[in-house]
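# here is my input, please return the structure:
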Amino acid sequence: MPQAHTLRHEFYRLLESHTAGGWCRHAINTFLVLLIIANVGAVLLDDAVATGPQWQPRLQVFAEVSIALFTAEYLCRLWVVVESEQLRGMSPFRARLHYVVSPAGLIDLLAIMPFYFGASLDLRYLRLLRLFWLFKLTRFSPAMQSLAAAVYEERRSFLGALLIVIVLLITSATIMHVLERDAQPEAFGTVLQSMWWAVITLTTVGYGDVVPHTALGKMFGGVCALLGLFMFALPTGIMARAFLEQIKRRDFVVNAQLVSHVPLFAGIGVMRMVEIATMLKPRHVPPLYTVVRQGDPANCMYFILSGELEVQVLPQPVRLQAGDFFGEMGLLDREPRNATVTAVTDTQLLMLEEEDFNKLMRAYPEMRTAIERVAAVRRSMPDTPCAPAPHVVAQPARHKP
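You can find the predicted model right below:
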């Protein structure tokens, strides 16, 4: 049993963990995304190659292999879900049931179920059901996950907007029925017939198949078209605000996790960590990318999360690694950059702009002291103005009672 438990935990890291798994998890996710895209492409191209019978057996084999792989993926996720920290207090049965009825679990299940229980369905419908696999991409897309979370959080607001839309549609159809029923009984003879015109007009589509003939009908039609613009601006505004809020929240969580890995900010407390996370901006640079150039204005400083950079100084370049920071001397001395810094490897940085740097130094004197201590060491080494920073930690100020 311990071996099975360990194996299950490793599979969980590969399939579900967002912070572990490394390149192997990335490779699995990439393969699944490509498999989904390939199946959607096969459905779209199916009719195009239908005239070539030699392709039909190959497409059928590809579909069956895909179903087998997605079934194995679903069963693996069902097996490892008990390792989730969020479901740790549940029994294995309840944890797996929670996954089955979750949005992600339902999408995974509905993506494979029709192919096992839909033997009586027409082959064309089974092809269309394969397009449902596009929803599986939401698992691998943070943007789609943020969009789904935004819709869920604003579900009450969307329900209110939907009720307004329904009231407006029914009211518009009823008024147009009264105005146009005598002139066009075949198009506006009943409220239900008028509903088609109301939908097309309020959505500003305007097919032109049903149009008012009377003067009052035309005037009211113009009013409905203008109301339609405002009507659809309401849910659009709700969606935009909610989506932006989700993006900010996700970026904040990522920044907070990154800040916690900077030695200078170790042990500063949750509230300070929250404030600093709002100031720092993550930045990814590829190898051989010049981060700062000698002589340029100093408008920010950088903290190295991962990777390696090289400072171009004499008599030989200096290497900076994870935990180091640079660019602080230009901000402290208000002078241009005194050296060029280039990424040697793929590097993850946190950038602190000058305005936020000044705010941080005023708010936390102990942090300014720690940075100035490193800057003083670098000034004492004129040949290496950006020597690696000692892993100092800004200690909280102690106030005497």
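# give the contact list for I247.
S146 (CB atoms under 8 Å, 6 or more residues apart in numbering). (C-beta placed from N, C-alpha, C; glycine too.)
# ok, now E328?
Counted by CB under 8 Å, 6+ apart, E328 has contacts 301, 357, 371, 374-375.
# least confident secondary structure element in the protein?
Each helix and strand of the chain was given a mean pLDDT (mean pLDDT, DSSP states H and E); the minimum falls on helix 123-130 at a mean of 62.
# I'd like the next helix or strand past it.
Using DSSP states H and E, the helix or strand that follows helix 123-130 towards the C-terminus is helix 142-153.
# neighbours of P286, how many?
Neighbour count of P286, defined by other CB atoms under 10 Å: 10.
# distance of it from G323?
21 Å (CB to CB, to the nearest Å).
# kindly report the same for C224.
Per CB to CB, C224 is found 63 Å from G323.
# got any ranges where the stretch 51-200 of the chain has weak pLDDT?
51-54, 117-131, 142-143 (pLDDT under 70).
# where along it do the helices fall?
Applying DSSP state H, counting those that start in this stretch to the stretch 51-200 of the chain gives helices spanning 56-80, 92-101, 103-117, 123-130, 142-153, 155-180, 185-188, 191-202.
# most tightly surrounded among those helices?
Across the helices of the stretch 51-200 of the chain, averaging neighbours per residue (mean count of other CB atoms under 10 Å) puts helix 191-202 on top, at a mean of 19.
# helices or strands up against that one?
Packed against helix 191-202 by the contact rule (3 or more CB pairs under 8 Å, 6 or more residues apart in numbering; DSSP states H and E) you find helix 155-180, helix 185-188, helix 215-259.
# could you dump that helix to PDB, C-alpha only?
C-alpha atoms of helix 191-202 as PDB (Å, rounded to 0.1, in the frame of the first residue of the first chain):
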ATOM      1  CA  VAL A 191     -46.800  38.500 -29.700                       C
ATOM      2  CA  LEU A 192     -44.800  35.300 -30.300                       C
ATOM      3  CA  GLN A 193     -44.500  36.200 -34.000                       C
ATOM      4  CA  SER A 194     -43.300  39.700 -33.000                       C
ATOM      5  CA  MET A 195     -40.700  38.200 -30.700                       C
ATOM      6  CA  TRP A 196     -38.500  37.300 -33.700                       C
ATOM      7  CA  TRP A 197     -38.500  40.900 -34.800                       C
ATOM      8  CA  ALA A 198     -37.700  42.100 -31.200                       C
ATOM      9  CA  VAL A 199     -34.700  39.700 -30.900                       C
ATOM     10  CA  ILE A 200     -33.200  40.700 -34.200                       C
ATOM     11  CA  THR A 201     -33.800  44.400 -33.600                       C
ATOM     12  CA  LEU A 202     -32.600  44.500 -30.000                       C
END
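# quick check: angle from it to helix 155-180?
Per axes from the mean of the first three to the mean of the last three CA atoms, to 10 degrees, the angle that helix 191-202 makes with helix 155-180 is 110 degrees.
# V210 falls within a helix, correct?
No. Using DSSP: H, G, I helix; E, B strand; the rest coil, the secondary structure at V210 is coil, not a helix.
# dump the residue contacts of it.
By CB under 8 Å, 6+ apart, the contact list for V210 reads 184, 187-188, 196-197, 200.
# number of nearby residues for T30?
T30 has 11 nearby residues by other CB under 10 Å.
# where along the stretch 251-400 of the chain do the helices fall?
Using DSSP H, counting those that start in this stretch, helices in the stretch 251-400 of the chain cover 270-279, 328-333, 354-363, 365-379.
# nearest to Y116, out of the ones you listed?
helix 270-279 (46.9 Å; CB to CB).
# of the helices and strands packed on helix 191-202, which is nearest L7?
The nearest among the helices and strands packed on helix 191-202, by CB to CB, is helix 215-259 at 27.6 Å.
# any idea of the angle the closest one forms with helix 191-202?
Going by the same axes, to 10 degrees, helix 215-259 makes 60 degrees with helix 191-202.
# M90 - how many residues pack around it?
Around M90 there are 15 residues (other CB under 10 Å).
# leaving aside the residues next to it on the chain, what's closest to it?
Using CB to CB, 6 or more residues apart in numbering and skipping residues adjacent in sequence, the residue nearest M90 is H98, 6.7 Å away.
# now the phi/psi pair for P336, please.
Main-chain torsions, P336, degrees, to the nearest 10: phi -70, psi 170.
# surely it meets R293?
No. Using CB atoms under 8 Å, P336 makes no contact with R293, being 9.6 Å away.
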